[in-house]
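Asker: Here is a sequence together with a model predicted from it:
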Amino acid sequence: MSANAILSDPDFRKPGADRGLLGVLRHRHLLSLLLKKGISTRYHGSALGWVWSYIRPAAQFLMYYLVLGVLLGGRKDITLFPIYLFSGIVAVNLFSEVLRNTTSAITDNKSLVKKIYLPRALFPLAAVGVGLVHFLPQAILLLVVALVFGWAFGWLAVGSFLVGILLILTFGLGLGFFFGAINVAYRDAKNFVDLILMFATWASPVLYSWELVHTHAPTWLYNIYMVNPVTAAVELFHTAFWVPIAPDDPRPTSILLHTLIAAAIALGTLIIGQLTFRKLEGSFAQNL
């Protein structure tokens with residue numbers, strides 16, 4: 001068959017033509033292999049293995065609770081502060097896991113990127129999957145603790161939990177596409193992401209109530225704060241796990257509107273991140 005005939009074949013695709021998230025759908029098997037690789041190597045050589053997925057959030061919760069709730073005697077304004085705190089920590093941990101994994105997804109797989117062609121978007125997507133898998137033990141631990149304090153099943157709680165996860169994954173993947181693409185040529189991007197994650201816990205109502213921001217910040221700043229996708233996701237996690245057992249505590253007004261705006265911001269971030277990734281992915285192999 002001649003070269004022209006091959007090129008005119010509708011089933012023929014040039015190497016590198018499958019770009020973007022839609023192209024990844026044609027390579028679901030490769031995505032599953034990368035996902036299995038990421039999961040199996042996460043705690044390779046560790047004696048405790050998956051136990052660390054429980055130890056880390058538990059230790060993080062204990063540190064914040066002892067300092068803020070016991071030593072400083074704060075947060076008496078929040079009913080069942082331990083559940084409020086833990087649900088916020090779990091949400092922020094998912095965001096941190098997704099953003100950190102996706103930012104380093106290309107550089108961590110440079111041997112594959114340099115040797116063979118794979119749709120580059122496979123690597124950040126597999127990193128999101130790994131982050132989600134390692135988030136599950138934390139979510140299970142949170143659910144068990146909430147059940148101890150009287151949590152009961154409700155569709156609003158389940159829906160809030162799922163929407164919160166989707167919001168975090170969308171926003172984290174968008175940022176991961178953006179910073180991950182830049183990180184290939186400039187490793188400063190990873191350090192910038194570390195700064196973002198360092199402030200993530202404090203920039204959302206995890207260690208304090210949203211009322212503090214509403215009381216002390218100007219209205220315009222409060223509105224910006226509430227439409228931050230991480231803040232919206234944290235409030236959704238609170239709705240899922242904390243509100244059912246502390247229904248009398250005040251909740252933010254216009255929470256649905258804030259969530260919709262946050263979802264639009266997350267989707268916009270994903271589009272911008274994907275466009276940036278596609279713009280730079282042609283030079284990945286030579287920059288690694």
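Answerer: Nice, thanks for sending it over. Numbering: from 1, shown residues only.

Asker: Name the secondary structure element that contains residue 193.
Answerer: helix 188-200 (DSSP states H and E).

Asker: my bad, residue 211
Answerer: Assigned by DSSP H and E, residue 211 falls in helix 210-216.

Asker: and that helix, what does it pack onto?
Answerer: helix 219-226 (3 or more C-beta pairs under 8 Å, 6 or more residues apart in numbering; DSSP states H and E). (Each C-beta comes from the backbone N, C-alpha and C, glycine too.)

Asker: Skipping its backbone neighbours, what lies nearest residue 126 in space?
Answerer: Sequence neighbours aside, residue 34 is the residue nearest to residue 126 in space, at 3.7 Å (criterion: C-beta to C-beta, 6 or more residues apart in numbering).

Asker: What residues does that neighbour make contact with?
Answerer: The contact partners of residue 34, taken as C-beta atoms under 8 Å, 6 or more residues apart in numbering, are 109, 122-123, 126.

Asker: what's the distance between residue 113 and residue 151?
Answerer: For residue 113, the distance to residue 151 (C-beta to C-beta, to the nearest Å) stands at 44 Å.

Asker: ugh, wrong one, I meant residue 164
Answerer: Distance from residue 164 to residue 151, by C-beta to C-beta: 16 Å.

Asker: Name the residue in these two with the higher neighbour count.
Answerer: Ranked by neighbour count (other C-beta atoms under 10 Å), residue 164 and residue 151 place residue 164 first, with 25 against 20.

Asker: Return the residues in contact with the more buried one.
Answerer: Contacts of residue 164 by C-beta under 8 Å, 6+ apart are 91, 232-234, 236-237, 240.

Asker: Then residue 244?
Answerer: 146, 151-152, 154, 157.

Asker: Mind telling me what element the most centrally placed residue in the chain is part of?
Answerer: Centroid check for the chain by C-alpha atoms, centre = their mean gives residue 95 as the closest residue, at 2.8 Å. Under the criterion of DSSP H and E, residue 95 resides in helix 81-103.

Asker: tell me which strands and helices that helix is in contact with?
Answerer: Using 3+ C-beta pairs under 8 Å, 6+ apart: helix 81-103 touches helix 52-64, helix 122-148, helix 155-185, helix 188-200, helix 229-237.

Asker: Quick one, grab the pLDDT at the closest residue to residue 210 other than its chain neighbours.
Answerer: Once flanking residues are discounted, residue 210 sits nearest to residue 252: 5.2 Å by C-beta to C-beta, 6+ apart. At residue 252, the pLDDT value in this model is 87.

Asker: Could you double-check that residue 252 lies in contact with residue 213?
Answerer: No: look at residue 252 against residue 213 with C-beta atoms under 8 Å: they stay out of range, at 9.6 Å.
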